[in-house]
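Q: Please work out how this folds:
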Amino acid sequence: MGAVADVVLGFADYRAPAQRLAIALGVAYAEVDVHRFPDGESRVRLPTPVPPRVLFCRSLDRPNDKLVELLFAAATARELGAEALALVAPYLCYMRQDKAFHPGEAVSQRIIGRELARCFDTVVTVDPHLHRTPVLADAVPVPRALALSAAEPLAARLAAREDAPLLLGPDEESAQWVEAIADRAGLDHAVAAKTRSGDRAVVIELPAVPLAGRSVVLVDDVASTGRTLAEACRALRAAGAARVDVAVTHALFAGDALAVLAEAGVGEVLSTDSILHESNAVELAPLLAAALAEV
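A: So this is what the prediction gives:
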């Protein structure tokens, strides 16, 4: 494990998962001090001395301030003697926008990916939201880019249920993801079809599978507004599903998303700790540490 890093440097907003990763790697944990001034600017200070191999661990949800502070920290680590820098960002921001859909749009995936590549030698993330980009290294051109899947730990959690639920993907994009979890958990799966007419307006068409009296878990990589999952839940309830729960990797759950899910009839909501949230039920440290040990 010593070849992975000499220290894990975390941030207060993602302290517990970063500490768990340090323990799993068998290295020290220390914290980057961030002070935000009244005008919104940040002062970043690293613990010194800085060893040769540094691993930063910070999830990049609500990313704008976090990105600037992370770039400051990485540049400072280099100035203070770090020779190898790794970033573990279980949720990696700005991966959705991989092309300009309208004239003048910034392709944020490309821009952020290049900025991270200027700072880090290794970038590790979990279930990045890549659509038309085949591999993470195409988006983040670092020497070592690792895109891990939370399928295994989520499958272990779902396989432990006694009601053997049907795993349902809310749209076609979730098909491979749901299949991977279902295969590992030994559970049935299916995929719905989604038609979107806006950021918060969707229509769900359920697959032709028996649903009456059945427990169903809606499975997706990321939940943002919760509208797609809520609409799928309402359709499942109307079709006679006895219970509908939700399992996601990334619990963004912006605004009133949890209330929307509850109103639609969702029971349990569980997520990984890629983003700190009250629904966290699966810790990613073992997955991340195992992958880093092979770097």
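Q: contacts and neighbour counts: CA atoms only from here.
A: OK.
Q: Need the nearest residue in space to D163, chain neighbours excluded.
A: S215 (6.9 Å; C-alpha to C-alpha, 6 or more residues apart in numbering).
Q: Surely that neighbour and V246 touch.
A: No. Using C-alpha atoms under 8 Å, S215 is not in contact with V246, being 11.1 Å away.
Q: Which of these two has more residues huddled nearby?
A: V246 (23 against 18; other C-alpha atoms under 10 Å).
Q: and the helix or strand containing the more buried one, what other elements does it pack with?
A: Here V246 sits within strand 243-251, counting by DSSP states H and E. The helices and strands touching strand 243-251, judged by 3 or more C-alpha pairs under 8 Å, 6 or more residues apart in numbering; DSSP states H and E, are strand 215-223, helix 227-238, strand 269-272.
Q: what's the closest of those to A192?
A: helix 227-238 (8.1 Å; C-alpha to C-alpha).
Q: and that closest one, what's its mean pLDDT?
A: The average pLDDT within helix 227-238 is 95.
Q: How many residues are close by the closest residue to L92 other than its chain neighbours?
A: Leaving out its chain neighbours, the residue that sits closest to L92 by C-alpha to C-alpha, 6+ apart is L60, at 5.5 Å. Close neighbours of L60, defined as other C-alpha under 10 Å, add up to 21.
Q: ok so, going back, kindly reformat the helices and strands packed on strand 243-251 as JSON lines and extend each row with distance to V142.
A: Output for the helices and strands packed on strand 243-251, formatted as JSON lines (distance: least, C-alpha to C-alpha, whole Å):
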{"stretch": "strand 215-223", "distance to V142": "24"}
{"stretch": "helix 227-238", "distance to V142": "34"}
{"stretch": "strand 269-272", "distance to V142": "25"}
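Q: host element of R132?
A: Judged by DSSP H and E, R132 forms part of no helix or strand.
Q: What does the pLDDT read for the residue lying closest to H189 once chain neighbours are set aside?
A: Take H189 and drop its neighbours on the chain: the residue closest to it by C-alpha to C-alpha, 6+ apart is L167, 4.5 Å away. pLDDT, L167: 98.
Q: which residues make contact with the helix or strand harbouring L167 from outside it?
A: Using DSSP H and E, L167 falls within strand 166-169. Where contact means C-alpha atoms under 8 Å, 6 or more residues apart in numbering, the residues beyond strand 166-169 that reach it are 175, 178, 182, 187-192, 214-220.
Q: re earlier: among the helices and strands packed on strand 243-251, which comes closest to A86?
A: Nearest of these (C-alpha to C-alpha): strand 269-272, 21.4 Å.
Q: burial count for D13?
A: 13.
Q: Check which helices and strands the lowest-mean-pLDDT helix or strand in the chain sits against.
A: Within the chain, judged by mean pLDDT, DSSP states H and E, the helix or strand with the poorest mean is strand 193-196; its value is a mean of 80. If you count contacts as 3+ C-alpha pairs under 8 Å, 6+ apart, strand 193-196 packs onto strand 202-205.
Q: same question for the strand it packs on, mean pLDDT?
A: According to the model, strand 202-205 has a mean pLDDT of 85.
Q: With just CA atoms, put the strand holding L167 into PDB.
A: Backbone C-alpha positions of strand 166-169 (Å, rounded to 0.1, in the frame of the first residue of the first chain) are rendered in PDB as follows:
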ATOM      1  CA  LEU A 166     -37.100  -6.600  -9.200                       C
ATOM      2  CA  LEU A 167     -34.400  -4.100 -10.100                       C
ATOM      3  CA  LEU A 168     -35.700  -1.500 -12.600                       C
ATOM      4  CA  GLY A 169     -33.700   1.100 -14.500                       C
END
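Q: how about the helix or strand following the strand holding V246: buried residues?
A: The first helix or strand that comes after strand 243-251 along the chain, using DSSP H and E, is helix 257-264. Buried positions in helix 257-264, judged by neighbour count with 16 or more other C-alpha atoms under 10 Å: A257, L258, V260, L261, A264.
Q: Break down the stretch 51-200 of the chain into its helices, ranges please.
A: 63-79, 108-119, 136-139, 151-159, 175-185 (DSSP state H, counting those that start in this stretch).
Q: Thanks again, I'm all set now.
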